[in-house]
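J.: could you work out the structure for the sequence below:
(one chain, ligands or ions: 1)
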Amino acid sequence: MDISALQQIRYGYTPKLPVSLSRSVDDIAVETGAATEAVADKEKIKGIFKLTYGKPLITFTKGKNEQLHQELKVGVILSGGQAPGGHNVIAGLYDGLKKGNPNSILYGFLDGPIGLVENKTKILSGDIIDAYRNTGGFDIIGSGRTKIEKPQQFAASLETAKQLGLNAIVVIGGDDSNTNAALLAEYFLAQGSDIQVIGCPKTIDGDLKNEYIETSFGFDTACKTYSELVGNLMRDANSAKKYWHFIKLMGRSASHIALECALQTQPNICLISEEIETKQHSLDTVVDIICDSILKRAGNNDNFGIVLIPEGLVEFIPEIKNLIQELNNAIADDEQGFAKIDSFDTQLFWLNSRITEDSYKILQSLPADIGRQFLMDRDPHGNVQVSRIETEKLLIGMVEKRLRALKAENAYKGKFNALAHFFGYEGRCAFPSNFDADYCYALGYSAFVLIASGLTGYLSSVRNLTAPANEWIAGGVPLTMMMNIERRHGEEKPVIKKALVALDGAPFKTFKSKRATWAVDTCFRVPGAIQYFGPPEVCDQPTVTLKLEKRNEE
Ligand code: FBP
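T.: This is a model prediction of the structure:
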């Protein structure tokens, strides 16, 4: 890639580290906390993770740790969707390894977990690392969504690690990838191998978080990038005063991104999937909510506005959730048969006897191009690819229909022109904000200390994130601590519990207290672009979500 002026300058940015990690490697000791338990289904999780369950929390402190100088060979994997800052995790890991011992080697597994299974690697030299410092994307080694689940895949992963003579593998991923990391750590020990596995919390979706993992990396940059774009549209809408912008925001399941962007920009409407599911709102009720704001604003002659829609919404609307579930089951029962059909009409015919009448009616009622999107390939974890379902267009169509009916009854006199947008892939590879650049570097460096200290089955953790970076607390959280049992493809599986938007949490409550005003008045807030240079109160701020959550804890 050609190098832009900003990238050239960002190479010179030195990520800030917490005090505990900025000391000389002769001076970083491990402090062991209390033993831990899984968040739920303790006995079942304990039964599956016989060798890695219940490990203690780890923090780093000042003190001697002879192990940090050992020569190590480590392999790193980037897994799942891109998130800004992934390259800095690798840079932090690399710098830690080399400070510990210049002979240590870092391998990058190519194109995600498949690189481990198929032994496809490249050695990451200082020159390669330097070319990717503080840049977005995962292109240094590529990413992928292969799920390591079959016994042969586990065996092949161990074989690769042995062939390379690895001491440890670092998995940079979300909840599914880190569940995989926990299973690998357990498997290696069960096979009598001492190869360690450490995870790092990645996903723009922000749903890999708990008491010890305050946020996943990439969420900060992605939300700031989308908020800039939403703010720009607000200015445009308020200038021309003629469009309603329906904006779908990425985030596979949880609505954290939509909520953070709403707190940043103050739109007229922001739908929160978790609330819609809790209140069991139907698709029609969602349309009511949007129309209510359109009608009130039309009463003030404001025939324009902004609607934020979380990407995962359809999976939280009860009747659509049922439909998706039934489609998943029907397709899984005869995957090959279904794959042979290419026209939507024939797909409908095929499904007619395989799903309930209610679900069939809903599918049939959808515009054909949107109906087809519900039938596209599932991802390797069995999820519907919600990023490819055009919910924003579906809602515009339904709102138009409702407004036409209201107009016919003389209950609406406004004008409605809507534009659909999807902000997703645009935000996943942005230059990491200073927050993500610092956070990621610290996560990678912390992964090095965990590895050199002989630990396995841990997620690298950096917390106290609303304080200045030097006060952040680095360490490790046992992966089994975050697990519970969920049904996947009809079977009980251990998985890291996804953190959805908490309706009793401070971010949602703050939004809820303001949304009635935002729905009617024009209270738009334009946050502008991410700033990389300038005063800390502009450049080094965490998300509003994180600030509100932390303030609530105090
Ligand atoms: P991860 O959970 O792997 O980080 O993925 C996040 C995400 O960006 C989602 O927000 C989105 O639904 C999905 O990836 C899109 O997947 P793909 O890149 O395979 O189209």
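
J.: helix/strand/coil for whatever residue of the stretch 351-500 of the chain ends up closest to the ligand?
T.: The nearest approach of the stretch 351-500 of the chain to the ligand comes at Ser387, 4.1 Å away (Cβ to the nearest ligand atom). Bear in mind the C-beta positions are built from the backbone N, C-alpha and C, glycine included. Secondary structure, DSSP: H, G, I helix; E, B strand; the rest coil: Ser387 is helix.

J.: count of neighbours near it?
T.: 17 (other Cβ atoms under 10 Å).

J.: could you measure from Leu78 over to Leu164?
T.: The gap separating Leu78 from Leu164 is 17 Å, by Cβ to Cβ, to the nearest Å.

J.: before we move on, what about Gly92?
T.: Distance from Gly92 to Leu164, by Cβ to Cβ: 21 Å.

J.: pLDDT weak spots in this protein?
T.: Applying pLDDT under 70 to the chain flags residues 380-382, 489-490, 553-554.

J.: coming back round to it: need the contact list for the residue of the stretch 351-500 of the chain closest to the ligand.
T.: Ser387 makes contact with 250, 252, 311, 422, 424-425, according to Cβ atoms under 8 Å, 6 or more residues apart in numbering.

J.: buried members of these into PyMOL, please.
T.: Here is the PyMOL command that selects the buried residues among those (16 or more other Cβ atoms under 10 Å):
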select buried, resi 250+252+311+422+424
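
J.: so Arg487, which state does it fall into?
T.: Looking at Arg487 with three-state DSSP, the answer is strand.

J.: also within reach of the ligand: list those from the contacts of Ser387.
T.: Subset of those in contact with the ligand: 250, 252, 311, counting by Cβ under 6 Å from any ligand atom.

J.: surely the last one and Arg388 touch.
T.: No: Glu311 lies out of contact with Arg388 (Cβ atoms under 8 Å); the separation is 9.7 Å.

J.: who's more crowded, Gly92 and Leu164?
T.: Gly92 (29 against 20).

J.: what's the neighbour count on the closest residue to that one other than its chain neighbours?
T.: In space, and not counting its chain neighbours, Gly92 is closest to Gly444: 2.7 Å by Cβ to Cβ, 6 or more residues apart in numbering. Gly444 sits with 29 neighbouring residues when counted by other Cβ under 10 Å.

J.: which SS class is Val462?
T.: Here Val462 is recorded as strand under three-state DSSP.

J.: contact partners for it?
T.: By Cβ under 8 Å, 6+ apart, the contact set of Val462 is 18, 439, 442-443, 446, 472-475.

J.: same check, this time on Glu426
T.: Glu426 makes contacts with 225-226, 229, as judged by Cβ under 8 Å, 6+ apart.

J.: run the last query once more with 6 Å
T.: For Glu426, the contact set (Cβ atoms under 6 Å, 6 or more residues apart in numbering) is empty.

J.: and the gap between it and Leu78?
T.: As for Glu426, its distance to Leu78 is 19 Å (criterion: Cβ to Cβ).

J.: repeat for Leu17
T.: Using Cβ to Cβ, Leu17 is found at 22 Å from Leu78.

J.: what about those two, which has more around it?
T.: Using other Cβ under 10 Å as the criterion, Leu17 and Leu78 rank with Leu78 on top: 33 against 21.

J.: parallel or antiparallel, which strands does the host helix or strand of that one pair with?
T.: Taking DSSP states H and E as the definition, Leu78 sits inside strand 73-78. Strand pairing for strand 73-78, determined by DSSP bridges: strand 105-109 (parallel), strand 168-173 (parallel).

J.: pick the most deeply packed of these.
T.: strand 168-173 (a mean of 29; mean count of other Cβ atoms under 10 Å).

J.: circling back: adding distance to the ligand, write the strands paired with strand 73-78 out as CSV.
T.: Below are those laid out as CSV (distance: least, Cβ to the nearest ligand atom, whole Å):
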stretch, distance to the ligand
strand 105-109, 16
strand 168-173, 7
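
J.: show me what counts as buried in the longest helix along the chain.
T.: When the chain is parsed with DSSP state H, its longest helix is helix 219-240. Using 16+ other Cβ under 10 Å as the test for burial, helix 219-240 gives 219-231, 233-234, 237.

J.: and what of stretch 111-125?
T.: Buried residues in stretch 111-125, counted by 16+ other Cβ under 10 Å: 111-119, 121, 124.

J.: kindly report the same for stretch 384-399.
T.: For stretch 384-399, the neighbour count (16+ other Cβ under 10 Å) marks 384, 386-387, 389-399 as buried.

J.: next: stretch 291-307.
T.: 291, 293-298, 302-307.

J.: can you give me the helices in the stretch 101-250 of the chain?
T.: 114-117, 126-132, 151-164, 175-190, 219-240 (DSSP state H, counting those that start in this stretch).

J.: format those as TSV; extra columns: distance to Lys55.
T.: TSV is the format used below for the helices of the stretch 101-250 of the chain (distance: least, Cβ to Cβ, whole Å):
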stretch	distance to Lys55
helix 114-117	23
helix 126-132	30
helix 151-164	21
helix 175-190	10
helix 219-240	26
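
J.: what's the closest of those helices to the ligand?
T.: helix 175-190 (7.0 Å).

J.: so does that closest one get close to the ligand?
T.: No: interface with the ligand: helix 175-190 contributes nothing (Cβ under 6 Å from any ligand atom), its closest point being 7.0 Å away.
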